[in-house]
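Engineer: Below are the sequence and a predicted model for it; my questions follow.
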Number of protein chains: 2
Amino acid sequence: MEEQPRTRRPSSVQDIARAAGVSVGTVSNVLNNPHLVAAGTRARVEAALRSTGFVRNAAARQLKGLPSAIVGCLVLDLSNLFFAEIARGIEDRLEEEGCIVNLCSSDLKREREEQYLRVLQEVRVRGVILGTLDPAGSGLRDLVARDIPVVLLDAPRSGLPVCAVTVDNLAGGRAVAEHLLAQGHRRIALLDGGILVPSVSDRITGARQAVLARGLDPDQVFRKVSLGPPAHAGTPGPAIDAALAHPDPCTAFLCYNDMAALSIMLGLRERGLAVPGDVSVAGYDDLRFTSMVTPALTTVRQPTYEFGRAAADLLFAEGEPDHEHREVLFTPELVVRESTAPPGGGRRSR
Amino acid sequence: MEEQPRTRRPSSVQDIARAAGVSVGTVSNVLNNPHLVAAGTRARVEAALRSTGFVRNAAARQLKGLPSAIVGCLVLDLSNLFFAEIARGIEDRLEEEGCIVNLCSSDLKREREEQYLRVLQEVRVRGVILGTLDPAGSGLRDLVARDIPVVLLDAPRSGLPVCAVTVDNLAGGRAVAEHLLAQGHRRIALLDGGILVPSVSDRITGARQAVLARGLDPDQVFRKVSLGPPAHAGTPGPAIDAALAHPDPCTAFLCYNDMAALSIMLGLRERGLAVPGDVSVAGYDDLRFTSMVTPALTTVRQPTYEFGRAAADLLFAEGEPDHEHREVLFTPELVVRESTAPPGGGRRSR
DNA sequence: ATGAAAGCGCTAACAT
DNA sequence: ATGTTAGCGCTTTCAT
């Protein structure tokens, strides 16, 4: 029956000042420089603050030029556990600095990436951690031109004055390819997502290097097949056909990530093909559960949580006065499990 | 050698006005009510807009009372694919309205939830989609008291004037438990994450109902064991011991989610125990890959992407003038696979 | 059709 | 130690 004790509209410093019988300046000082205000006054103001449930207006602070607590983070695909875990690493680190993350997923759409970047600029984020489709794109250049700190996520800096955290994709691609070649595979389906992602391109380059190192011709060894974007990962049929329904069928799939590899394995199973008996499958990322599927997936381990934390670290470092742009490079690690084996293991499928 | 073509500091409407030889009001009109301004003037202003790469200042707009384009979204654990997919559903829907999401993960920490809620208020989000640990918490009540639209994610509304999107956890819990009971299990380890999550509590209640419906005593049938928070999911040993190293060992694990179930299965395997030969394991969520592990996981399917979209829908509906708070209820579905079987199947492990 | 000016909530510089 | 005030960038009356 009583009046609502808390005001419905958030109270302003004005309201607090009135309630405590002081000026707005004093309220501001209680908020930001408590030591400047006498104990008694401070107590009165604090009481008013509490009783109205005052909440700072971030927009007003920002308009005064104070740094925003929001950091933008744009990843390629949040439904990929790999990025979700990176995001957690980022978030944990930001939280330590009282920042929050504006997390967006471009879903591998260029247009969407550009749109998000625009909105992030409008809200004047403190910086952005960017997993970009286009390391030479205008969105990124815009950010840089406006002096917004940028940390690239697993993408080359292409000469831009930004920081980056990357993993050695060349080495990773080389490692899986070398593994497959060593097992004797000479026809390998190179599975991509139909969209050219910088890090994946590097892995492919690495894979080609491995082939060249053996004196073979990459164009002979690899056959490019596409799974289509993640949304289509449920229908691996066409990709499988492209690789196998061929006079000279592939004996192995080198997949651009674990999710895709799993999808391929599922499709293979549905067709009655055994892995690795009939065809080998290698993934990339080493997601948490890849050791539990059957057969356990051969893949390449990449850092996730630590990767995210490193990115956030770099972003804060960017904030410092005269900072050198740095690139932190992580090293991937081949994890050989059961899904790859020499070709021609044959018809022993159960 | 040339001057940088784009200003480093983002240009303001003032700058544009000056450049185009008009007043700020006109610039604002070009931006928001283009039809009110003469074609010629408009063209001049638009040229200036483009040449400086003008970006609105969201803070200033907001200060004028315009609605924010930012929607807060707080989930329990982003490293759980279940939430990551929900987040994607939310994001997709928001994007359609030109909004972006401030995605945070409380990591099941109450303190962190409260902190995030505070920051979200400071930035005056347009609303918040909240997966809360505490549906009766002060953070949530605060939001409501301030008329900030709230949509609860899989949590009871407890009488608060908010919307909610939920799944029938009672039914879900009942279904798995009934399945296990029907197979003959009479000693079941009820695995939780050590933290009381509302939705999980409901599932447990549902499971107990199933036991009662058979005229059995839930306290006899269930033995509570804890895996600890997600971060500890890597060490399922203690939970396994608690369930099995007992004069009357459990014959099945009813796990609070798939990630936990996988972790338990891994631990079981390390101890040389066969699933489901020696012990059955049931999960919850039906994450994308649970059908691919060995043995394929028996679990309960929950909507994810659609769940997220529904939440975002509700949030926008909240914005409408005089809106009725609604609750959207999804129905879970038991998915029986290979990881559960009648007890005593025995030592046939290979 | 356009311009002038007030004011959103806050901080910081200055005045008392 | 506290009060006063200008101004951040924008939208929106109200004049012209």
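Structural biologist: That came in fine, so what should we check first?
Engineer: where's A:Phe187 relative to A:Ala242, distance?
Structural biologist: Small correction: residue A:187 is Arg, not Phe. To A:Ala242, A:Arg187 is 12 Å away according to CB to CB, to the nearest Å. Where you see a C-beta, it was placed from the backbone N, CA and C, and this is true even at glycine.
Engineer: any common contacting residues for the two?
Structural biologist: Here A:Arg187 and A:Ala242 have A:Arg223 as joint contacts, going by CB atoms under 8 Å, 6 or more residues apart in numbering or on different chains.
Engineer: can you map out the helices along the stretch 51-200 of chain A?
Structural biologist: Counting by DSSP state H, counting those that start in this stretch, the stretch 51-200 of chain A has helices at residues A:58-63, A:81-96, A:110-122, A:138-145, A:169-182, A:198-213.
Engineer: Of those helices, which is nearest DNA strand D?
Structural biologist: Between DNA strand D and those, the tightest spacing by CB to the nearest atom of the strand is seen for helix A:58-63, at 3.7 Å.
Engineer: Now do the helices in the stretch 251-350 of chain A.
Structural biologist: Counting by DSSP H, counting those that start in this stretch, the helices of the stretch 251-350 of chain A are A:258-270, A:305-319.
Engineer: any chance of those in TSV, with distance to A:Ile195 too?
Structural biologist: As requested, those are exported to TSV (distance: least, CB to CB, whole Å):
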stretch	distance to A:Ile195
helix A:258-270	12
helix A:305-319	21
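Engineer: I'd like to know which of the ones you listed is closest to DNA strand D.
Structural biologist: Evaluated over these, closeness to DNA strand D peaks at helix A:305-319, with 19.4 Å, by CB to the nearest atom of the strand.
Engineer: And the closest one, how far out from the chain middle?
Structural biologist: With CA atoms, centre = their mean, to the nearest Å as the basis, helix A:305-319 stands 12 Å off its chain's centre.
Engineer: Next: stretch A:180-196.
Structural biologist: Put simply, stretch A:180-196 sits 24 Å off its chain's centre (CA atoms, centre = their mean).
Engineer: could I have it exported to PDB, CA atoms only?
Structural biologist: Provided in PDB are the C-alpha atoms of stretch A:180-196 (Å, rounded to 0.1, in the frame of the first residue of the first chain):
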ATOM      1  CA  LEU A 180      48.100 -38.400 -43.600                       C
ATOM      2  CA  LEU A 181      50.900 -38.600 -46.200                       C
ATOM      3  CA  ALA A 182      53.000 -40.600 -43.800                       C
ATOM      4  CA  GLN A 183      50.200 -43.100 -43.500                       C
ATOM      5  CA  GLY A 184      50.200 -43.400 -47.300                       C
ATOM      6  CA  HIS A 185      47.300 -41.300 -48.400                       C
ATOM      7  CA  ARG A 186      47.700 -39.900 -51.800                       C
ATOM      8  CA  ARG A 187      44.200 -38.700 -52.500                       C
ATOM      9  CA  ILE A 188      42.900 -36.400 -49.800                       C
ATOM     10  CA  ALA A 189      39.700 -34.500 -49.700                       C
ATOM     11  CA  LEU A 190      40.300 -31.000 -48.400                       C
ATOM     12  CA  LEU A 191      37.100 -30.000 -46.700                       C
ATOM     13  CA  ASP A 192      36.300 -26.400 -46.300                       C
ATOM     14  CA  GLY A 193      33.200 -24.500 -45.200                       C
ATOM     15  CA  GLY A 194      32.700 -22.800 -48.600                       C
ATOM     16  CA  ILE A 195      33.800 -19.500 -47.100                       C
ATOM     17  CA  LEU A 196      37.400 -18.400 -47.100                       C
END
